[in-house]
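**Student:** Mind folding the following:
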Amino acid sequence: MPTSLHLFLLLSLYISLSFADGTQLIIINNCKDSVWPGILGSAGHLTPNDGGFHLHSGEQAVVQVPEQWSGRIWGRQGCCFDQKTNKGSCQTGDCAGLLQCMATGGKPPATLVEMTLGTPESALHYYDVSLVDGFNLPVSMTPIGGGVGCGVAACEADLNVCCPSNLVVKREGKVVGCESACLATNSARYCCTGEFASPKSCRPTVFAHLFKAICPRAYSYAYDDSTGLKTCRAPRYAITFCPPE
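**Tutor:** Sure thing, here's the model as predicted:
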């Protein structure tokens, strides 16, 4: 019969082995149409899978990132690439017309999944879904095997349906994205820059309140830490485009 000490040692061994090779990101396309995930490592961090690939509807891919990796993932839609050169364009989230974004971020508006999977000071993982750069499609980040206290970061609703008219982005007559107030106005007040570059001076606007009411588990503006930022310590996470509401 195993003792409590034996069980503790086995659990500790399991946890250490689970994180020995970093973290698994399972990227799932639950949308009706294709999604081209874009990936960008933060400064000093590698960009896995050359920064982008194609997922048909219903497909998924596993991306392995090292311990303490930091970066962002977003979905691109309405893309068309030349099969020989891998160059083309996307209606939303485009990264310089490349299939593999390499070190290039996505053009707003784009819903972002941001994460820092451990730091030299802390083993905790920090992650969020951000609408600060606007919205193009629903997405969630869900821990798998993280235990109690791990939160889900998400914007499951389609904000394009209720986007204010002055923030709407259209392609070929179809609404494909919703700009943030910062992107639309380039105002310090909406962008939390200049004299508004602090949590005290930058307060949520009417647009941030609208986004928050529809997607309460996502960042609605730059200093939305209290409800937007999630923490966990899981060996893998599911990042789902068009998650069930």
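
**Student:** Report the backbone C-alpha coordinates of stretch 174-186 in PDB.
**Tutor:** Output of stretch 174-186 as PDB, limited to C-alpha atoms (Å, rounded to 0.1, in the frame of the first residue of the first chain):
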ATOM      1  CA  LYS A 174     -19.000  41.500 -45.500                       C
ATOM      2  CA  VAL A 175     -18.200  42.500 -41.900                       C
ATOM      3  CA  VAL A 176     -14.900  40.700 -41.200                       C
ATOM      4  CA  GLY A 177     -13.600  42.600 -38.100                       C
ATOM      5  CA  CYS A 178     -14.300  45.100 -35.400                       C
ATOM      6  CA  GLU A 179     -11.700  47.700 -34.700                       C
ATOM      7  CA  SER A 180     -10.800  48.800 -31.200                       C
ATOM      8  CA  ALA A 181     -11.500  52.400 -30.300                       C
ATOM      9  CA  CYS A 182      -7.700  52.900 -30.100                       C
ATOM     10  CA  LEU A 183      -7.200  51.600 -33.600                       C
ATOM     11  CA  ALA A 184     -10.100  53.700 -35.000                       C
ATOM     12  CA  THR A 185      -9.200  57.000 -33.400                       C
ATOM     13  CA  ASN A 186      -5.500  56.800 -32.500                       C
END
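
**Student:** how about that stretch: buried residues?
**Tutor:** Neighbour-count burial for stretch 174-186, counted by 16 or more other Cβ atoms under 10 Å, picks out 176-185. From N, CA and C alone the C-beta is placed, and that goes for glycine too.

**Student:** Show only the entries of those residues found in helices.
**Tutor:** Cross-referencing the buried residues of stretch 174-186 with the helices (criterion: DSSP state H) gives 181-185 as the overlap.

**Student:** quick check, nearest of those to Phe53?
**Tutor:** Taking Cβ to Cβ as the measure, Phe53 sits nearest to Leu183 out of these, at 26.1 Å.

**Student:** ok, back up a step: pick out whichever of the ones in helices among the buried residues of stretch 174-186 sits closest to Gly228.
**Tutor:** Sorting these by distance to Gly228 puts Cys182 at the head of the list, at 15.3 Å, by Cβ to Cβ.

**Student:** What's the local residue count around the closest residue to the closest one other than its chain neighbours?
**Tutor:** The shortest distance from Cys182 to any residue that is not its chain neighbour, by Cβ to Cβ, 6 or more residues apart in numbering, is 3.9 Å, and that residue is Cys191. Neighbour count of Cys191, defined by other Cβ atoms under 10 Å: 19.
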